[in-house]
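> next come a sequence and a model predicted from it.
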Amino acid sequence: MKTEQISSDITIVGGGLSGICAAIAAARLGSTVSLINNRPVLGGNSSSEVRVWVCGATAHGTNRYARETGIMGELFVENQYRNPEGNPYIWDLVLLEAIRAEERITLFLNTDVHEVEAEGTEEDRHIRSVTGWMMGSERRIRFESPVFLDCSGDGLIGFLAGARYRLGREAAHEYGEEWAPEIADQITLGSTLLFYTQDAGRPVRFVPPSFAKNIEETPIPIKRVIRSGDSGCHYWWIEWGGELDTVHQNERIRDELWSVIYGIWDYIKNSGQFDADTMTLEWVGSIPGKREYRRFVGDYVLNQNDILAQEPFADRVAFGGWSIDLHPPQGMYAETSGSKHMHADGIYHIPYRSLYSVNVSNLLFAGRNVSASHVAFGTTRVMATCAVMGEAAGTAAALCAAKGVSPREIHDQHLEELQQTLLRQDASVIGLRNEDQQDLAPKAVVTASTTYSTIAIDQPDASYVLERDIGILFPVAPSLQGMELLISAEEDTELRVELWDSGRGENYVPASQQMDTIIRVAQGEQQWVHVDIKWEPAHPQNAFVVVRQNDKVTLYQSSQPVIGILAFEKGAAPHAVAALEEHDERQPVVAWSMKALNRRPFCFRIAGQTEAYQPEKVIDGYKRPYGGPHSWMSLPLNENENGEAWVELQWESSVTIREILLTWNDDVNEDLINLHHHRTPFDIIPELVKTYRIEADAEAEGSRVLIESVRDNHLRTNRIVLKCPISTKTLRIIMEETNGGSCAELVEIRVYS
């Protein structure tokens, strides 16, 4: 046996998405990181070994402008570029390359940590080391660090260290949760195995193994959706073990899941009820994807009421948006639906206090083991949300290591620094502004070549019969003085139009009605009809205009999306697997769907000018839509001189520039996913600027000089570090070409010396 000792600033146990994002965040801030994973590949439940979709705050397009940014956003966009087919092995490579790109990370695969050395009292513990066994290499490795992260999912490290935790469901009275049981119990969500199929192009027979279950003797054929063409996460409901111990009885759970998978495939192939003669099994999972086990106790326990209230915690460091999604304890054998869902009106916020231990002084955690009640865990458990919590925890760990303080001291003494560091990284925090005193950009005057200043979606390419209520959301900055709709009417008629606000900056549903009006529409084709609605809100925000159903009327749609403008229809798209899931159709984000209208806005025009896309937006402190788009947008490039658009920063006196951070619009409203749920019609977000250059006025030469030129960009964030700092009063970003969008768009510029 070979025994080794590894010392690093931070030790992270668990190579799922939370551990990956934590490691990358910490390494980029200068910490040395030991990242330990007990499997041969990274990615946890998303890896090729388990193959679960990476879901997050978008909730498959239910929430608007909700896709994660920061490191998880980088992974989504890179996978979209490299792996549009959703190959699980390419996804493995995307994750592995992201880790290998960080020289301060040392990766230990196939290393199972099962020993923890901790000291102190029950109320004040401290981890000194963890020890793991590297399978296949016969290496016993002891890891020492001042800071540890448990991203293991099951929470073994914190458990062995003596961290306080919960297992199962809390009683309703503990947090006043509507969906909690009256009496606490040990029930958890179960585990799932998945399988892939393919068409072999010729007849293929299937002889079931002896342990295959006859599913016709179970409720499965009646209560679940079985189709010969489905595979992978379409069968997320093959779940079991919620009434067992999902860790200590993992083998029993796996065997039961196997028996059902082969039983389902026997049913599909041999019952005669399906067109499956040429179908064959391509892959069957062997590692159950666990949903739930230990949940640690932090300084705050996130609960159901926080989710639904969208509590804007002062220490928020991440966000989620998946519904509270709970499954019956009996899993696939339940007589009830496979899951029930409760939605907030938009995304919710996650506090930093839920990411570190209440009693182990140097332990942070991220993933499905964070400090949340069982009910709140029903939403925080999805992997993209776990990932953004990982980035926040890794960032905090790096600050702990650099300052020699505990995670709690980061909250008490350095919270603003933590949050501002996350914003600089483009992490997923909504509603916080850039207050970075080192950023030189906010001290400059910003101008641009041209600016999109008139909201006019006026190029129709599809008709839409008004058979249901529709919604049009757009920014109001500073006021609304009327609008026009492009309408055809088969006879003289009337339309009821209502103006609503959206309530909160992070929400995109009608909240409070501001006014309504009835408009007369004459019979005719493609006529612009004036709607007399006016609104002067106290501050710039989104308007949600509702046009009530009238099947004598046809509206029109455009194929030219504009950031900050969305289209909705009410009650149009019941959930794709409604037979398996219970969604309350009265909840606004469910009632008002944009899924069938994504990137297909209705044709309308707003009277007067808008300030929503002014050049100053690149330094207004917000990196995501929040009560408005918070992005500069040019006129179409073909309307700019030389077919180029530019944004310029000008300072009163010279500044020294060493680093420039550019954040482009990668349409965080677009729902991306790592594997096979759906494929977008493009491999690169069209709005991303593809080719640009950066120029500055060089005082020594007395002329403008080229300091950077970038081609074939497909990333949201570009970090340009100059080899030689430059002293200048003027910095100009010149955009030559996008990846398909008609206008140039820039979300944020940061400049550092």
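Yep, it's here.
> select the helix or strand of the protein having the lowest average pLDDT value.
Sorting the helices and strands of the chain by mean pLDDT, DSSP states H and E puts strand 581-583 at the bottom, at a mean of 87.
> that one: which residues count as buried?
The neighbour-count check on strand 581-583 (16 or more other C-beta atoms under 10 Å) flags 581, 583 as buried. C-betas here are computed from N, CA, C, even on glycine.
> averaged pLDDT, stretch 544-554. What do you get?
Averaged over stretch 544-554, pLDDT sits at 98.
> and residue 697, how far is that from residue 731?
Taking C-beta to C-beta, to the nearest Å as the criterion, residue 697 is separated from residue 731 by 8 Å.
> which one's more surrounded, those two?
residue 731 (24 against 19; other C-beta atoms under 10 Å).
> check contacts around that one.
Residues near residue 731 by C-beta atoms under 8 Å, 6 or more residues apart in numbering: 444, 648, 649, 650, 657, 660, 694, 695, 696, 751.
> tell me the SS of it?
Following DSSP: H, G, I helix; E, B strand; the rest coil, residue 731 is assigned to strand.
> show me where this protein has helices.
Secondary structure of the chain (DSSP state H): helices located at 17-28, 70-82, 88-100, 156-161, 172-175, 220-223, 250-270, 304-309, 374-380, 383-403, 407-413, 415-424, 588-591.
> now these in TSV, with distance to residue 128, mean neighbour count and mean pLDDT?
TSV is the format used below for those (distance: least, C-beta to C-beta, whole Å; neighbours: other C-beta atoms under 10 Å; pLDDT from 0 to 100):
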stretch	distance to residue 128	mean neighbour count	mean pLDDT
helix 17-28	19	30	98
helix 70-82	29	23	97
helix 88-100	26	18	98
helix 156-161	10	24	98
helix 172-175	33	15	98
helix 220-223	49	15	92
helix 250-270	29	20	98
helix 304-309	34	20	98
helix 374-380	29	26	98
helix 383-403	15	28	98
helix 407-413	16	18	98
helix 415-424	25	18	98
helix 588-591	47	20	94
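> now the residue lying closest to residue 186 once chain neighbours are set aside: how far from residue 453?
Nearest non-adjacent residue to residue 186, counting by C-beta to C-beta, 6 or more residues apart in numbering: residue 168, 3.9 Å away. Going from residue 168 to residue 453 by C-beta to C-beta gives 56 Å.
> okay, and the beta partners of residue 501?
Assessed by DSSP bridges, residue 501 has beta-bridge partners residue 512, residue 543.
> er, residue 530 I mean
Beta-bridge partners for residue 530, by DSSP bridges, are residue 484.
> and it, how many neighbours?
Using other C-beta under 10 Å as the criterion, residue 530 is surrounded by 12 other residues.
> go on, residue 360?
27.
> where's the residue nearest to residue 626 when sequence neighbours are not counted relative to residue 629, distance?
Residue nearest to residue 626 in three dimensions, not counting chain neighbours: residue 505, with 4.3 Å by C-beta to C-beta, 6+ apart. According to C-beta to C-beta, residue 505 and residue 629 sit 12 Å apart.
> these two - which one has more neighbours?
Legend: neighbour count by other C-beta under 10 Å for residue 505 and residue 629, higher for residue 629 (26 against 20).
> chain neighbours aside, what residue packs nearest to the more buried one?
Nearest residue to residue 629, sequence neighbours excluded (C-beta to C-beta, 6+ apart): residue 564, at 3.3 Å.
> what do you get for residue 421?
Distance criterion C-beta to C-beta, 6+ apart; nearest residue to residue 421, sequence neighbours excluded, is residue 395 at 5.6 Å.
> which pLDDT value goes with residue 7?
Looking at residue 7, its pLDDT stands at 98.
> for residue 129, see how far away it is.
9 Å.
> could you do residue 546 as well?
From residue 546 across to residue 129, the span is 60 Å (C-beta to C-beta).
> same thing with residue 90?
Distance, residue 90 to residue 129, by C-beta to C-beta: 36 Å.
> can you check residue 213 too?
In terms of C-beta to C-beta, residue 213 sits 45 Å off from residue 129.
> just checking, residue 283 touches residue 195?
Yes - the pair residue 283 / residue 195 is scored as a contact, 6.5 Å apart, by C-beta atoms under 8 Å.
> who has more neighbours, the two?
Neighbour totals were compared for residue 283 and residue 195, and residue 195 leads with 21 against 15 (other C-beta under 10 Å).
> model confidence for the more buried one, exactly?
97.
> excluding chain neighbours, what is closest to it?
Once flanking residues are discounted, residue 195 sits nearest to residue 284: 4.6 Å by C-beta to C-beta, 6+ apart.
> which ones are touching that neighbour?
For residue 284, counting by C-beta under 8 Å, 6+ apart, the contacting residues are 193, 195, 196, 258, 261, 262.
> among those residues, which pair sits farthest apart?
Put simply, by C-beta to C-beta the two of the contacts of residue 284 set farthest apart are 196 and 258, 14.8 Å from each other.
> check contacts around residue 115.
Contacts for residue 115 (C-beta under 8 Å, 6+ apart) come out as 130, 131, 132, 160.
> residue 166 and residue 296, how far apart?
With C-beta to C-beta as the criterion, residue 166 and residue 296 are 8 Å apart.
> compare those two and say which one has the larger neighbour count.
Between residue 166 and residue 296, counted using other C-beta under 10 Å, the more crowded position is residue 296 (27 against 18).
> just give the closest residue to the more buried one, not the sequence neighbours.
Leaving aside its chain neighbours, residue 296 sits nearest to residue 165 (4.9 Å; criterion: C-beta to C-beta, 6+ apart).
> the one you found against residue 295, yeah?
Yes - at 6.2 Å, residue 165 counts as touching residue 295 under the criterion of C-beta under 8 Å.
> if you count surrounding residues, which of these two has more?
Shown here are residue 165 and residue 295; by other C-beta under 10 Å, residue 295 has more neighbours (28 against 18).
> surely the more buried one meets residue 166?
Yes - with contact defined as C-beta under 8 Å, residue 295 reaches residue 166; the gap is 5.0 Å.
> who touches both of those two?
Listed as contacting both residue 295 and residue 166 by C-beta under 8 Å, 6+ apart are 373, 374.
> what's the burial count for residue 4?
By the criterion of other C-beta under 10 Å, residue 4 has 11 neighbours.
> before we move on, what about residue 362?
25.
> any figure for the gap between it and residue 144?
From residue 362 over to residue 144 the distance is 11 Å, taken as C-beta to C-beta.
> pop the domain breakdown of this protein in here.
2-167+292-424, 191-290, 441-450+613-752, 456-606 (automatic domain parsing).
> spit out the contact partners of the closest residue to residue 434 other than its chain neighbours.
Once flanking residues are discounted, residue 434 sits nearest to residue 621: 4.0 Å by C-beta to C-beta, 6+ apart. For residue 621, the contact set (C-beta under 8 Å, 6+ apart) comprises 433, 434, 435, 442.
> out of the residues you listed, which end up buried?
Here, 16+ other C-beta under 10 Å leaves 434, 442 buried among the contacts of residue 621.
> dump the contacts of residue 621 into CSV; add pLDDT and distance to residue 381 as well.
CSV is the format used below for the contacts of residue 621 (pLDDT from 0 to 100; distance: C-beta to C-beta, whole Å):
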residue, pLDDT, distance to residue 381
433, 96, 30
434, 96, 30
435, 96, 32
442, 98, 38
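> returning to what we had before: so what touches the least confident helix or strand of the chain?
Here strand 581-583 makes contact (C-beta under 8 Å, 6+ apart) with 323, 337, 338, 339, 340, 341, 343, 575, 590.
> how about a cut-off of 7 Å?
With contacts defined as C-beta atoms under 7 Å, 6 or more residues apart in numbering, strand 581-583 is touched by 337, 338, 339, 340, 341, 575, 590.
> mind listing the strands it pairs with, and their directions?
Partners of strand 581-583 in its sheet, by DSSP bridges: strand 339-342 (parallel).
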